[in-house]
Structures are given as C-alpha cells and as structure tokens.
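S.K.: next come a sequence and a model predicted from it.
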Number of protein chains: 2
Amino acid sequence: MARMPHGDDALACAVLLRAPAIDRESLAAALRCAGGAANLVQANARERLAAGVPAAVDAYLRGPDGRPTVAEQRWLDHPRHHVLGSWQPEFPGLLQCTSDCPIALYVDGDLAALCQPQLAIVGSRKPTPPGAENAFQFAELLARRGLAITSGLALGIDTAAHRGALAAEGTTLAVVGGGIDVHYPRVNRRLAEEIACTGALVSEFALGAAPRPAHFPQRNRVIAGLSLGTLVVEAARRSGSLITARIACEQGREVFALPGSIHNPLARGCHELIKQGAKLTETVHDILSELNFSGFFAATTVARADAASPRSPAAGMDKDRKILLDALGFDPAGIDLLVVRTGLKPEAVSSIMLTLELEGYVQAAPGGCYSRVARSP
Amino acid sequence: MARMPHGDDALACAVLLRAPAIDRESLAAALRCAGGAANLVQANARERLAAGVPAAVDAYLRGPDGRPTVAEQRWLDHPRHHVLGSWQPEFPGLLQCTSDCPIALYVDGDLAALCQPQLAIVGSRKPTPPGAENAFQFAELLARRGLAITSGLALGIDTAAHRGALAAEGTTLAVVGGGIDVHYPRVNRRLAEEIACTGALVSEFALGAAPRPAHFPQRNRVIAGLSLGTLVVEAARRSGSLITARIACEQGREVFALPGSIHNPLARGCHELIKQGAKLTETVHDILSELNFSGFFAATTVARADAASPRSPAAGMDKDRKILLDALGFDPAGIDLLVVRTGLKPEAVSSIMLTLELEGYVQAAPGGCYSRVARSP
C-alpha cells in the first residue's frame, strides 16, 4: 500500500467521517493496519480488503462521495481547524481507550486542550436559577484549580458550565451533536467562538451535519470519554444527562451528582444517580479529592513554574495558608471577615479554607464560619 | 427470695430508675434472675448478692432513697401511667434487643403504642420552614400508612413530626430527656398532653429529673431502639440527630435521610449520612419499600378489618386504584386534575399514584404529571 504524506490524513478523516453506517471498531482496526486515513482512502480495493476495511466503507470510498469536498478543504485551511485521527499521538488517551471511540474528531481550537485533565459538567437545558449558578460556580472553581471543563454547548447547565470556566480564564471544551460549522443552538454562537479561541470545539459529525437527536447519545459518549469524571448538576429522570452519567460509569469514570430539594423535579435525576452509587457532591473538594486531583495539579504546576520563577505557586499557596491561619486566630470567622483581614480574593479564601478544613487545620463552625482546630495535624 | 405481687413492680422500677450510676447490663441480669423489680427491691442483702445485684445498687437500696417516694406513688395512681420493666411482656421487643437497653420506662399513655411498628423522625431544633413541612408531611403520610412516628418532643423537626402524625390521627411516641412529669420544652406542654392521650410519652428518667444534656444521647438510644428505622429530615453536621442515626445504624436499623440544597447548612448532616450509606429519601415510598412495610400493614389491617367489616381496606385501596387508573386514561395528568376527576383527597391520590408508579402501572411525566404505562405488569 502506498504511504501518503501525514498532512492528507485530516482530509481523509473528513471523508471517512462522512461514511454511512460506520462499524467503528473494524474501521479503526483497518486504519491502524493501514497507518492512517490517507493511506486507506487512497489505497485500491485489494489493499483495502487486505487491511480489513468493511465492505460498506470500501463501496463508499469508491463512490462519488469518497473524496474530500471543497467545503472540507476550505475549512481545514484555517490554522486552528483540525481533523484528528484516533491513531494520532495528539488524540486524547482517555477517549481512545473507550469502546466505540470516534475514528476521528473535528477540532476547532487548541488541540492540546483535548489532552488536559477534564471534568464533564452536564445537566438540564432548563435548569432552576440556583442550578445554573451551581454549574457556573463549580466550573469556575474547578477551572481555577486547573481542570478543563467539558460539556455539550446546550442551553442551561452546559452553557453555565462553559461560562464558568471562561470566567476563570480556564480551559473549556464543547462537544457538539452536529457539524462543527453548524451553529446550534444559535444563541450560543458567540459562546462557541469564545470556547474555540481558548479551548476547543469538538465534533465527530461531518461538516454541515444537522444536530439530529440520534447524534446526541454519541456526542454524550465523547463528553464522558474525554473526562476523568462527570458531574450532573440538575437533571430530570430519564434525561440525556443521565445517559452521559451512565456512559461515564460504564467507562469506569467517576460520576458526581449535586443533591437538591426533594420538591425540585430536576434534583430527581441526581438523586437517582446517588442511589445508584454516584458520589454525592456538595463542594469542589468532593470532586478534587475523589479524582485525587489537587496533588496532580500542584505537581505539574510547580514543575512548570519552577522553570519560570524562583517562587513556585505551591510555596505561594503555603504562604497564603499561613496568612489565613494567622488571620483566623482562634475565634470563628466567616469568609467575608477573612477577606477583609487578609486582602485575599474571596474565591482564594474560600478555596484555601476548604483545603485547610480537608487537612484538619480548621473546622466549619455555625453560621458559615470557620474555627481553628486546637491540635492541628 | 420472697416473691412479691406483680403490681408492685412499677413502684420498684421507679426506685431502681433513681439509682445512681447504674450498670444496666448487670442490673438487668439480676432482675431477670430475681423475677422482677419488686422481688429485688424487697429482698435482703444476701438474696440480692445471690441474684448478682451490683454492690452500688445494693447500697443504694439499703439507703434512705431505696423506697418509693410519695410522688411516685401518686403518679402511678393514674390509670394511663405506667413504669414498664424491660423483662415484662409488654416491653417493646425492638428496644429490648438493643445493647444498653433501659431497665424500665416511664410511660404516660397507651402501653400498646410501644409495640407498634415505628419510624423515628428526627432533626434540627431550628429547621428551615420547608424542612419542618417535610417532617410534618412525611409523618402524616407514614402515620396514615400505619407506622407510629417516634421522636423527641424537641422544637423544630421533632415537633413537626409529632404534629404530622397527630394530624393523620395516627400514633406518635415522644421520648423525653427529663422526668416524664417535667414539661420540656415548656411550649410543647400541650403537644405532650395530646401525644399521651392517643400515643405515648416515654422516659427512663426519674420523676422530676431535669432534662440535662447528658440525658439526650441516652434518650436518642431509646428513640432509635424503639424504631424500625430513623429518618433524619434536616440536621447540621455534628448534631444530636446524627448521633441518633449512628445509633440506629449500630443497632442494625435503617437510616433514611432527606437530601437538600448544597447551600442549606441543615442539609449537610443528611448528606453526610447519605455518603455513609443512609438511604437517600425522596418520598414515603423510599421508606415503606425499604422497610417492606406496606405488605406488613396490609396483612395486619386486612386481618383486623375482616373481622369487623365484609369489605377490607385492601379491597378499598384496589377500588381507589382502579378509579384513579380509569381517571388517568392515557394522557398525562397531574395530581390536581386527578383530585378533581375522582373526588379523592390530594394525599390519597398522591400516595396511590406513587404506589402505581412503583408497581409499573404509571410513569412520571414532565410537569409533575403521570401517564399510564401502555403495557402494565
């Protein structure tokens, strides 16, 4: 089989992603065997047969649709536009090891974002206002801790999660259920552009593909597959978010769910998940500790920062922790008071106090206050 | 050892409940050996030694306090006033089989209530208004199903639970942390009287004993010990309600907890319990099904009703279910609409619809509606 230049792989992937009724497992095996999409697309029928290409795909490649369209060529002209094959080293490993992994992904944005540690935040398209706020706040705090936030660009919880991550100047990925060039929902067109600027917009559907309902379970597989875990913020019973959570669980990933009032119908899906073993989540620490993430982040950040600056963020955090412990004294104090006393930002105080609580230096006192533990660890 | 008439046992129990620093296990063994409290109190020192009475109790019984007081005699004159020894057949079996069981209980009210199947409902003294409403509603619905509701007569959740059971004309038991004749909290004096009229007020503390903080963990043991399970409605972390739940768990009883908003500090105790394995509870059905109670209740009620009436309540329930299924038709309908269509009470409709959902005849539809399942079981 003639070997083709690697650069053609993106266009060949685009062609394959248009193939009807793909048996992904067989095609992925054939792609590995052929050493990429370009080789496979440009091979002759005998070579394709030898590589194990499914007959339907072979027929498709020999038909009128089996070559790149002008739209695909033009789309790929943009430097931040990619079609990434699942056999390529830049392809996210967590997704690669799931069953029914896409053979390739359209990516608009930063390819490196796909390999960042991610948490999926999903939920209802019509959340309650506190539900949307929770999604925003969890995304903001987790993004600040270095987790990328992955969601589906839908209205409601998805939108709030993406916006929370953007507010923290963190990374966010949106996996969409239509072509990457199709703006759906329309009202999120600007949001999609912001996400592509700093993170990544992701799709496994052909350019121009309408966001059909049948696409969404597959889109949800990608969201769950990219992520270390999935947080469900508000969801009705029998909703798409629960499908994402079920997939995450099947893929051996963590599932987190926020509890809520028994009178909130959108808490029912979360409660169902908790009954089935999802981790009841009250704070970002429930997530970070379960993913054992703060350690991971601290280690990588220190390594990066050490090269740039003599004072590492870890040492900085230690300093802030000491300032906060001193400011706390031995009488209970709330976050607001500690902000005044230390001049630190409320988010920083809140986050560090949670760490200190987790580590046994302080304890929660009535009225949202913290008090110092007499005999610290 | 001279055997005394059984009637003196109550007074002798009152004397023993006043004994300081009781080793309950040893004393209970001695009571079983002596065949009751009266025999033991009136025995001589040699006989008491032979029965295994702890030395401290023997010394106490020989001292000036070792005989019934006038107050005890007067209190027991009332026909609904009892002091029930743990070896007596009327003593509740569920409590009897717990470790550190009281040697006797003061009871003001109906002795039979102690042996009814009970659910403990406990929680914060200062609940949120929805929290108190939840306690009331769960107690009301469960009492209507034939579960007695046991709590601690405290302000807040306890009060709401007792009142809910009374509103359902069900049975409720209040276990107090002071003397049964001590009105604490004062504002609940009238409530205590109502409870004693139809259910039972219970204490293991001497007449006139102040409700000291040290009494409450022991009081909580009795609440949990009397009950098939304990429902925690709203509770802060490190609160007495969590102690009751922990005891219930140690005693092998079910623990139920209502989830709530992550921003409600009084949901935190409940969430902690759920994380530790308590059953997340959204409806009374979560409790009834876990306790496998509806079956128990149906069986006993049918048996009783069969003797009194040719139409059993179970048949009546079947009738209401059929009426509701007919009223539902095959379009989704909410509880309100079903109330209008059938003339049944909202609570009855709500409860029966939940049963029908549990049994697979109907399913929850958006907007709080139910729709009929095409192929019912």
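M.R.: On my side now, so go ahead. From a predicted model like this one, the values you see are computed outputs, not experimental measurements.
S.K.: pull out the buried residues from stretch A:43-55.
M.R.: A:43, A:48, A:51, A:53, A:54 (16 or more other Cβ atoms under 10 Å in any protein chain shown). No exception for glycine: its C-beta is placed from N, CA and C like everyone else's.
S.K.: gap between the first one and chain B?
M.R.: Distance of residue A:43 to chain B, computed by Cβ to the nearest Cβ, to the nearest Å: 51 Å.
S.K.: mind giving me the packing neighbours of the helix or strand where residue A:71 lies?
M.R.: Assigned by DSSP states H and E, residue A:71 belongs to helix A:70-76. Using 3 or more Cβ pairs under 8 Å, 6 or more residues apart in numbering or on different chains; DSSP states H and E, the elements in contact with helix A:70-76 are helix A:9-17, strand A:81-85.
S.K.: chain B contacts on the stretch 1-150 of chain A?
M.R.: A:130, A:134 (Cβ under 8 Å from any Cβ of the partner chain).
S.K.: so where is the stretch 1-150 of chain A shaky, pLDDT-wise?
M.R.: A:1-7 (pLDDT under 70).
S.K.: let's see 50
M.R.: A:1-6 (pLDDT under 50).
S.K.: count of residues packed around residue A:34?
M.R.: Neighbours of residue A:34 under the rule other Cβ atoms under 10 Å in any protein chain shown: 25.
S.K.: how about the strands in the stretch 151-300 of chain A?
M.R.: A:172-175, A:200-203, A:229-232, A:254-257, A:279-280 (DSSP state E, counting those that start in this stretch).
S.K.: out of these, the one nearest residue B:232 is which?
M.R.: strand A:279-280 (14.2 Å; Cβ to Cβ).
S.K.: for the closest one, packing partners?
M.R.: strand A:254-257, helix A:284-290, helix B:268-275.
S.K.: mean neighbour count for the ones you listed - can I get that in a markdown table?
M.R.: Formatted as a markdown table, the helices and strands packed on strand A:279-280 follow (neighbours: other Cβ atoms under 10 Å in any protein chain shown):
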| stretch | mean neighbour count |
| --- | --- |
| strand A:254-257 | 24 |
| helix A:284-290 | 19 |
| helix B:268-275 | 23 |
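S.K.: you'd agree residue A:257 is up against residue A:279?
M.R.: Yes - using Cβ atoms under 8 Å as the test, residue A:257 is close enough to residue A:279 to be in contact (7.3 Å).
S.K.: which residues are common contacts for those two?
M.R.: Residues touching both residue A:257 and residue A:279 (Cβ atoms under 8 Å, 6 or more residues apart in numbering or on different chains): none.
S.K.: pick out the residue closest to the middle of chain A.
M.R.: In chain A, the residue lying closest to the centroid (Cα atoms, centre = their mean) is residue A:150, at 2.4 Å.
S.K.: could you tell me the least trusted of the helices and strands packed on strand A:279-280?
M.R.: Within the helices and strands packed on strand A:279-280, confidence is poorest for helix A:284-290, with a mean of 93 (mean pLDDT).
S.K.: isn't residue A:195 up against residue A:201?
M.R.: Yes - when contacts are counted by Cβ under 8 Å, residue A:195 is listed as touching residue A:201 (5.6 Å).
S.K.: what touches both of these two?
M.R.: Between them, residue A:195 and residue A:201 share the contacting residues A:109, A:153, A:173, A:174, judged by Cβ under 8 Å, 6+ apart.
S.K.: nearest to chain B, of those?
M.R.: Relative to chain B, the closest of the shared contacts of residue A:195 and residue A:201 is residue A:153; by Cβ to the nearest Cβ it sits at 22.9 Å.
S.K.: could you give the bridge partners of the residue nearest to that closest one when sequence neighbours are not counted?
M.R.: Closest residue to residue A:153 apart from its sequence neighbours, by Cβ to Cβ, 6 or more residues apart in numbering or on different chains: residue A:174 at 4.0 Å. Bridge pairing for residue A:174 (DSSP bridges) gives the partners residue A:151, residue A:201.
S.K.: residue A:174: how many residues sit nearby?
M.R.: 29.
S.K.: cool, residue A:189 as well?
M.R.: 12.
S.K.: how many neighbours does the nearest residue to it once chain neighbours are set aside have?
M.R.: Nearest residue to residue A:189, sequence neighbours excluded (Cβ to Cβ, 6+ apart): residue A:183, at 4.4 Å. Counted with other Cβ under 10 Å, residues neighbouring residue A:183 total 16.
S.K.: show me which residues of the stretch 201-350 of chain A sit near chain B.
M.R.: A:236-237, A:258-263, A:265, A:267-268, A:271, A:274-275, A:279-283.
S.K.: mind listing what's buried along whichever strand or helix holds residue A:59?
M.R.: Per DSSP H and E: residue A:59 is located in helix A:55-62. By 16+ other Cβ under 10 Å, the buried positions in helix A:55-62 come out as A:57, A:58, A:60, A:61.
S.K.: among the residues you listed, which pair sits farthest apart?
M.R.: Across the buried residues of helix A:55-62 (Cβ to Cβ), the longest gap, 7.2 Å, separates A:58 and A:60.
S.K.: state the mean pLDDT of stretch A:154-170.
M.R.: pLDDT averaged over stretch A:154-170 gives 97.
S.K.: does it reach chain B?
M.R.: No - using Cβ under 8 Å from any Cβ, stretch A:154-170 stays clear of chain B, with a minimum separation of 14.6 Å.
S.K.: how about the residue nearest to the centre of chain A, what does it touch?
M.R.: A:118, A:119, A:120, A:121, A:172, A:173, A:174, A:175, A:223, A:226, A:227.
S.K.: close enough to count as contact, the last one and residue A:119?
M.R.: Yes - counting by Cβ under 8 Å, residue A:119 is a contact partner of residue A:227 at 5.7 Å.
S.K.: before we move on, back to that, let me know the closest of the contacts of residue A:150 to chain B.
M.R.: residue A:121 (14.3 Å).
S.K.: which residue does chain A bring closest to chain B?
M.R.: Closest point on chain A to chain B, by Cβ to the nearest Cβ, is residue A:259, at 3.6 Å.
S.K.: what about the closest residue to that residue other than its chain neighbours, how many residues nearby?
M.R.: Excluding the flanking residues, the one nearest residue A:259 by Cβ to Cβ, 6+ apart is residue B:259, at 3.6 Å. Using other Cβ under 10 Å, residue B:259 has 26 neighbouring residues.
S.K.: for residue B:259, what are phi and psi?
M.R.: phi -80, psi 170 (degrees, to the nearest 10).
S.K.: ok, residue A:19 - contacts?
M.R.: With Cβ under 8 Å, 6+ apart, residue A:19 has these contacts: A:27, A:56, A:57, A:60, A:61.
S.K.: let's see it at 7 Å
M.R.: For residue A:19, the contact set (Cβ atoms under 7 Å, 6 or more residues apart in numbering or on different chains) comprises A:57, A:60.
S.K.: for residue A:179, see how far away residue A:271 is.
M.R.: 36 Å (Cβ to Cβ, to the nearest Å).
S.K.: can you tell me the closest non-neighbouring residue to residue A:286?
M.R.: Residue A:286 sits nearest to residue A:279 (Cβ to Cβ, 6+ apart), 6.3 Å away.
S.K.: now that neighbour: how far from residue A:259?
M.R.: 11 Å.
S.K.: same deal with residue A:348?
M.R.: 27 Å.
S.K.: just residue A:94 next, same as before
M.R.: 27 Å.
S.K.: same thing with residue A:169?
M.R.: Taking Cβ to Cβ, one finds residue A:169 at 30 Å from residue A:259.
S.K.: also residue A:243?
M.R.: If you go by Cβ to Cβ, the gap between residue A:243 and residue A:259 works out to 20 Å.
S.K.: now do the strands in the stretch 1-150 of chain A.
M.R.: So, for the stretch 1-150 of chain A - with DSSP E, counting those that start in this stretch - the strands run A:81-85, A:104-109, A:118-122, A:148-151.
S.K.: would a markdown table of the ones you listed with distance to residue A:16 be doable?
M.R.: A markdown table is the format used below for those (distance: least, Cβ to Cβ, whole Å):
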| stretch | distance to residue A:16 |
| --- | --- |
| strand A:81-85 | 9 |
| strand A:104-109 | 7 |
| strand A:118-122 | 25 |
| strand A:148-151 | 24 |
